[in-house]
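> Make a model of this:
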Amino acid sequence: MFKKYKNLTFFLILTCFFGFSCSKDTKEESEGLIKKKRFEPNVKKRTADARDQGFTIFGGKSADPFAKNNIMWRATIEVLDFAPIGQASYSGGVYSTDWYSPSNSSGKESIKINVVFVSKEIAANSFNINGFKKNCQINNNCKITKTSNQFNRKIKDAILEKIKELRIADEKKK
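Now for the predicted structure:
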């Protein structure tokens, strides 16, 4: 009977041999240990960790991460720390707050601030500020308008002032 199925038996043994030899068994798997990447619930800590690590397109570490070494980014984060972060993408050059209500508003008014970096060069024209104001009525009928140029200029001036302060502090460290 084995002579009749000799080729089939040989094929099955060979398939099993190669099938089991290709399995990857690491020490953690054999001991039942599986390491999971933990999610950091603190948004400010995640932002700081991402800022300090830097990255490249293919996942390696960048030698000169934009956020860690760019004083404009650091100044923006410090100036707008009173508002919740909506989006922070230093690789895309965008920092946006979430909607927040200023302390002097009646609660029907919310503001959102967007900072768009157009260059890594430290200059006043290297970033733009766009603010938006949302006024909601009792029946949740909301109207969104742009903030005044004066409001945007105040935010930009505050960031420029913080850049000066950070530069002085960095020079003292050297």
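> pLDDT value on residue 89, please?
Looking at residue 89, its pLDDT is 86.
> Distance check, the nearest residue to it once chain neighbours are set aside against residue 141.
In this structure, residue 89 finds its nearest non-sequential neighbour in residue 95, 7.8 Å apart by Cβ to Cβ, 6 or more residues apart in numbering. (Each C-beta comes from the backbone N, C-alpha and C, glycine too.) Shown here: residue 95 relative to residue 141, a distance of 30 Å by Cβ to Cβ, to the nearest Å.
> Give the residue from these two that has the larger number of neighbours.
residue 95 (24 against 8; other Cβ atoms under 10 Å).
> Show me what the helix or strand hosting that one is packed up against.
In this assignment (DSSP states H and E), residue 95 forms part of strand 94-97. Judged by 3 or more Cβ pairs under 8 Å, 6 or more residues apart in numbering; DSSP states H and E, the packing partners of strand 94-97 are helix 71-79, strand 85-89, strand 109-117.
> got the contact list for stretch 122-130?
71-72, 76, 113-120, 146-147, 152-153, 155-156, 159-160, 163 (Cβ atoms under 8 Å, 6 or more residues apart in numbering).
> swap that for stretch 149-168, sorry
Here stretch 149-168 has contacts from 71-72, 74-76, 78-80, 113, 115, 122, 124, 127, 129-131, using Cβ under 8 Å, 6+ apart.
> Okay, angle between the helix of greatest length in the chain and helix 71-79 too, please.
Identified as the longest helix of the chain according to DSSP state H is helix 149-173. Counting by axes from the mean of the first three to the mean of the last three Cα atoms, to 10 degrees, helix 149-173 lies at 110 degrees to helix 71-79.
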